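Undergrad: quick one, fold the following:
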Amino acid sequence: MKNSIFKIKRLFTTILYLKPIQFYYRLYYAVRKKIRILFNRRYLFIKRSKVTPLVLCNTIPASNCFNKNTFIFLNRSYKYNEKIDWNYGEYGKLWTYNLTYFDYLNQEEINEKTAKKIIYDFIDNIYTVKDGLMPFPISLRSINWIKFLSKYQIIDPKINDSLYAQYYILLDNIEYHILGNHLLENGFSLLIGAYYFQDEKLYNRAHTILINELEEQILNDGAHFELSPMYHQIMLFRVLDCINVMQHNRWKEKELLSFFVSKAEKMLGWLKCMTFKNGEIPLFNDSTNGIAPTSKELFDYALKLNIKPKKILLRDSGYRKISHQEYECIIDVGNIGPDYIPGHAHSDTFNFELYVKGSPVIVDTGLSTYEANEVRTMERSTSSHNTVELEGENQTEVWGGFRVAKRAKIIHLLEKNNMVQATHNGYKSMGCLHSREWYFFENSIKILDIIKGEEIQNAIAYLHFHPNLAVEIEDNHVITSLIKIVFPPTVVLSLSEYNYASEFNQTIKSLVLKVIFKNNLTMEIITL
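TA: Below you'll find the model as predicted:
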């Protein structure tokens with residue numbers, strides 16, 4: 001009974017943050033589906049088309065994910081013989097999505113004849129395709145088909161008529177029930193498709209979506225509002241692709257171009273701030289390597305389009321970066337966001353990453369899966385981040401793969417020249433507030449954690465080290481080749497293993513430091 005009440009309360013807290021439009025479209029699409037099944041109404045998969053192959057400057061090539069009848073996504077491979085199973089589900093839904101995205105059409109080493117054969121196979125079996133006909137895969141696949149067809153100046157009625165029909169399926173299933181990056185992907189694809197087919201209906205819907213969503217989703221400091229550096233890179237890539245289309249093709253006379261350029265400049269500015277000197281990004285929230293284009297690739301692509309990063313100050317995103325000659329430190333003093341679509345958020349308030357002399361030292365644990373399982377739950381938990389956990393509870397209630405119920409809120413934030421001080425209320429149900437203060441000096445960082453309120457018996461601060469580092473405890477010191485951390489003698493220090501998730505389905509054993517303390521904790525990180 002108690003468990004049922006808990007689940008109902010958690011679900012209610014989760015849906016409380018949703019927008020009315022999300023409720024409306026979830027209900028609308030569900031009812032519409034039942035009615036269409038009842039009347040046996042189905043989509044047409046061929047729509048007569050006229051196309052204008054686009055002129056594009058070289059974009060960022062996809063990573064090599066297809067070779068000799070073998071697809072490799074998320075570090076999982078699948079080899080086919082004559083026919084491709086477009087519903088192949090052995091590796092989970094995200095892998096199946098990747099199969100139908102067709103990114104491999106735009107990898108550097110792709111045979112044009114082989115690529116067309118794969119497209120034909122998809123078209124010939126489209127009646128049997130399941131996940132690949134959802135609006136998100138349609139959006140990405142359509143962009144990739146158009147890039148490929150335009151690069152080789154291919155005019156193929158079979159492909160174009162199938163693609164045009166898919167665009168009208170997308171138009172009928174815009175992801176207003178999800179919003180966020182899904183809706184943006186719909187809009188980007190519709191814009192590129194509109195130029196390719198010179199279709200006013202596609203263009204008008206794209207125009208409305210992109211103006212509204214880019215205004216909301218790109219924050220004043222240039223961050224994408226889902227606060228994942230990886231998703232920011234993906235969204236920036238799409239913005240640059242749209243600019244590429246508008247710059248080099250005269251249809252619509254560059255109506256949206258200046259708007260897109262202004263967004264790209266801010267997004268590039270934010271990414272420049274968030275990228276470490278060695279080119280890596282912090283793996284905050286749902287971020288991992290090998291999915292998005294790298295920061296360098298994006299900066300180079302933007303330069304081809306004559307777009308430069310705008311100088312910005314990290315603010316709205318809640319991230320702060322402090323750089324000295326010896327180290328770079330990025331901290332998170334922001335809220336879970338956005339409220340109505342926090343599926344890519346983690347329970348990580350006051351998390352931070354530290355690079356010393358260009359090398360990662362204290363890191364986020366990363367992301368290895370989107371499956372709703374114990375691994376996903378662990379990777380989103382407070383204990384998987386460089387912050388403080390009380391009594392084994394999460395600051396923010398992450399659950400179900402992509403759900404968030406109660407969430408920690410920043411209730412105090414003070415910043416001075418070399419100091420950041422913040423308080424969150426994620427543990428208010430225990431009668432506690434957690435404050436963290438960072439003091440930044442040329443060769444050291446001092447961190448003070450304060451638990452205010454009820455006495456806590458089990459407060460644990462976590463520090464996750466990069467796999468390349470050997471870590472040792474000597475008395476109240478923790479020593480690596482790059483840093484030394486000094487703790488007061490009253491705390492209990494221990495090292496254990498954790499799985500550092502550098503990419504999907506790929507983990508490396510590394511060491512996490514657990515610091516058990518009561519009420520107050522002071523640590524000083526000194527570069528060596």
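Undergrad: run the chain-centre distance for the strand or helix carrying Tyr462.
TA: Using DSSP states H and E, Tyr462 sits within strand 459-464. Centroid separation between strand 459-464 and its chain, computed with C-alpha atoms, centre = their mean, to the nearest Å, is 24 Å.
Undergrad: surely Phe284 is within a helix?
TA: No. Counting by DSSP: H, G, I helix; E, B strand; the rest coil, Phe284 is located in no helix; its state is coil.
Undergrad: dump the residue contacts of it.
TA: Residues in contact with Phe284 (C-beta atoms under 8 Å, 6 or more residues apart in numbering) are Leu227, Ser228, Pro229, Tyr319, Ile330, Asp332, His346, Asp348, Asn351, Glu353, Asp364. For the C-beta atoms, the positions are set from N, CA and C on the backbone; glycine is no exception.
Undergrad: nearest to Arg41 among those residues?
TA: Nearest to Arg41 out of the contacts of Phe284 is Ser228 (C-beta to C-beta; 37.7 Å).
Undergrad: quick one: pLDDT of the closest one?
TA: At Ser228 the predicted local distance difference test score is 98.
Undergrad: now the nearest residue to Val363 once chain neighbours are set aside: how far from Ile508?
TA: Sequence neighbours aside, His466 is the residue nearest to Val363 in space, at 5.0 Å (criterion: C-beta to C-beta, 6 or more residues apart in numbering). Using C-beta to C-beta, to the nearest Å, we find His466 at a distance of 9 Å from Ile508.
Undergrad: mind listing the shared neighbours of these two?
TA: Any residue near both His466 and Ile508 by C-beta under 8 Å, 6+ apart counts here, and that gives Tyr500.
Undergrad: which one's more surrounded, the two?
TA: A count of neighbours by other C-beta atoms under 10 Å puts His466 above the other of His466 and Ile508, at 21 against 14.
Undergrad: the spatially most central residue of the chain: which element?
TA: When the chain is reduced to its mean C-alpha position, the nearest residue by C-alpha atoms, centre = their mean turns out to be Tyr231, at 3.2 Å. Using DSSP H and E, the element containing Tyr231 is helix 229-248.
Undergrad: now that helix: buried residues?
TA: 229-247 (16 or more other C-beta atoms under 10 Å).
Undergrad: mind saving the C-alpha coords of it as PDB?
TA: C-alpha atoms of helix 229-248 as PDB (Å, rounded to 0.1, in the frame of the first residue of the first chain):
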ATOM      1  CA  PRO A 229      26.900  19.900 -23.500                       C
ATOM      2  CA  MET A 230      26.500  16.900 -25.900                       C
ATOM      3  CA  TYR A 231      22.900  17.900 -27.000                       C
ATOM      4  CA  HIS A 232      24.100  21.500 -27.300                       C
ATOM      5  CA  GLN A 233      26.700  20.400 -29.800                       C
ATOM      6  CA  ILE A 234      24.000  18.400 -31.700                       C
ATOM      7  CA  MET A 235      21.600  21.400 -31.800                       C
ATOM      8  CA  LEU A 236      24.400  23.700 -32.900                       C
ATOM      9  CA  PHE A 237      25.200  21.300 -35.700                       C
ATOM     10  CA  ARG A 238      21.600  21.500 -36.900                       C
ATOM     11  CA  VAL A 239      21.600  25.300 -36.700                       C
ATOM     12  CA  LEU A 240      24.800  25.500 -38.800                       C
ATOM     13  CA  ASP A 241      23.300  23.000 -41.400                       C
ATOM     14  CA  CYS A 242      20.300  25.300 -41.800                       C
ATOM     15  CA  ILE A 243      22.500  28.300 -42.200                       C
ATOM     16  CA  ASN A 244      24.500  26.300 -44.900                       C
ATOM     17  CA  VAL A 245      21.200  25.700 -46.700                       C
ATOM     18  CA  MET A 246      20.000  29.300 -46.500                       C
ATOM     19  CA  GLN A 247      23.400  30.800 -47.400                       C
ATOM     20  CA  HIS A 248      23.800  28.800 -50.600                       C
END
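Undergrad: which elements pack onto that helix?
TA: helix 135-151, helix 180-197, helix 200-217, helix 257-274, helix 295-304 (3 or more C-beta pairs under 8 Å, 6 or more residues apart in numbering; DSSP states H and E).
Undergrad: now that helix: how far from the chain's centre is it?
TA: Distance, centroid of helix 229-248 to centroid of chain: 15 Å (C-alpha atoms, centre = their mean).
Undergrad: okay, now the unreliable bits of the protein?
TA: Across the chain, the ranges flagged by pLDDT under 70 are 1-2.
Undergrad: show me the helices in it, by range?
TA: 2-15, 20-38, 93-101, 112-124, 135-151, 157-171, 180-197, 200-217, 229-248, 257-274, 295-304, 374-380 (DSSP state H).
Undergrad: and of these, who's closest to Lys83?
TA: It is, among these and with distance given as C-beta to C-beta, helix 112-124, at 6.9 Å.
Undergrad: single out the most deeply packed of the helices of the chain.
TA: helix 180-197 (a mean of 25; mean count of other C-beta atoms under 10 Å).
Undergrad: that one to helix 257-274, inter-axis angle?
TA: For helix 180-197 against helix 257-274, the angle by axes from the mean of the first three to the mean of the last three C-alpha atoms, to 10 degrees is 140 degrees.
Undergrad: how's the protein carved up into domains?
TA: 15-217, 225-313, 319-527 (automatic domain parsing).
Undergrad: redo these as CSV? Include distance to Lys7.
TA: Shown next, in CSV, are the domains of the chain (distance: least, C-beta to C-beta, whole Å):
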stretch, distance to Lys7
domain 15-217, 13
domain 225-313, 24
domain 319-527, 9
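Undergrad: go through those domains and name the closest to Phe6.
TA: domain 319-527 (10.0 Å).
Undergrad: end to end on the closest one, go ahead and measure it.
TA: Chord length of domain 319-527, first to last residue, is 22 Å (C-alpha to C-alpha, to the nearest Å).
Undergrad: go on, stretch 301-316?
TA: 26 Å.
Undergrad: identify each buried residue in that stretch, please.
TA: Buried residues in stretch 301-316 (16+ other C-beta under 10 Å): Tyr301, Ala302, Leu305, Ile307, Pro309, Lys310, Ile312, Leu314, Arg315, Asp316.
Undergrad: any chance of those in a markdown table with distance to Asp124 as columns?
TA: Below are those laid out as a markdown table (distance: C-beta to C-beta, whole Å):
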| residue | distance to Asp124 |
| --- | --- |
| Tyr301 | 34 |
| Ala302 | 39 |
| Leu305 | 37 |
| Ile307 | 40 |
| Pro309 | 45 |
| Lys310 | 47 |
| Ile312 | 48 |
| Leu314 | 50 |
| Arg315 | 52 |
| Asp316 | 48 |
